[in-house]
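Student: Give the three-dimensional model of this entry:
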Amino acid sequence: MSGKVLWHFSMSLDGFVDGREPGMAWLNGVTGPPGVEEAYSSRLGAVLGGRKGHDAYPDAMPYGDWQGPVFILTHHPEDARPQEHVTFLDCDVEEALRIAVEAADGKDVEVHSADIGRQLLEHGLIDQIDLHIAPVLLGDGIRLYDNPGGAPIKLHNLIGDDPHREVDLRYAPQRP
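Tutor: Below you'll find the model as predicted:
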């Protein structure tokens, strides 16, 4: 089994992976396809995230009870609170990914950081971007991909037979 490097997020329709205030309350009441958590957790070998996100959700583990290696990239590992399954790294993103891939032992590595994901994408180290679009407009927060002045990055749609096909979404505003 050869794992992939997945940049994996739930995202608001307007492109934010977190709101103005850290917290996933904006996802309350949002449901995913049946079996999606089990499918991802069964292939998950390691997680690579950033310090800001980790500090906002210090006890959160992917998929609730998944217990595997989590690597947090930080410039200040010395002031991080030690946690089971969590290793704090002070290195460049390529080295952090190498460490996570090795620990994943042939399973997937999920990147749970907008900034780290952007850097890995620029280095050509992301295999797949998996997004779950939540039916909400946040208006502000942390964007999935924020690279002002950067060149566009073309993507291939992996669902269906046309890799260049756009994805159709239809939502209606909820009325009070």
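Student: Dump whichever helix in the chain runs longest to PDB, restricted to CA.
Tutor: Taking DSSP state H as the criterion, the chain has its longest helix at helix 93-104. C-alpha atoms of helix 93-104 as PDB (Å, rounded to 0.1, in the frame of the first residue of the first chain):
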ATOM      1  CA  VAL A  93       8.100  21.700   5.500                       C
ATOM      2  CA  GLU A  94       9.900  19.200   3.200                       C
ATOM      3  CA  GLU A  95      11.700  17.600   6.200                       C
ATOM      4  CA  ALA A  96       8.500  17.600   8.200                       C
ATOM      5  CA  LEU A  97       6.600  15.800   5.400                       C
ATOM      6  CA  ARG A  98       9.400  13.200   5.100                       C
ATOM      7  CA  ILE A  99       9.100  12.500   8.800                       C
ATOM      8  CA  ALA A 100       5.300  12.200   8.600                       C
ATOM      9  CA  VAL A 101       5.500   9.900   5.500                       C
ATOM     10  CA  GLU A 102       7.900   7.600   7.200                       C
ATOM     11  CA  ALA A 103       5.700   7.400  10.300                       C
ATOM     12  CA  ALA A 104       2.600   6.800   8.200                       C
END
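Student: So which bits of that helix are buried?
Tutor: Across helix 93-104, burial judged by 16 or more other C-beta atoms under 10 Å covers 93, 96-97, 99-101, 103-104. Using the backbone N, CA and C atoms, a C-beta is placed for each residue, glycine as well.
Student: Adding distance to residue 32 and pLDDT, write these out as CSV.
Tutor: Output for those, formatted as CSV (distance: C-beta to C-beta, whole Å; pLDDT from 0 to 100):
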residue, distance to residue 32, pLDDT
93, 28, 97
96, 28, 98
97, 26, 98
99, 29, 98
100, 24, 98
101, 26, 97
103, 26, 97
104, 23, 97
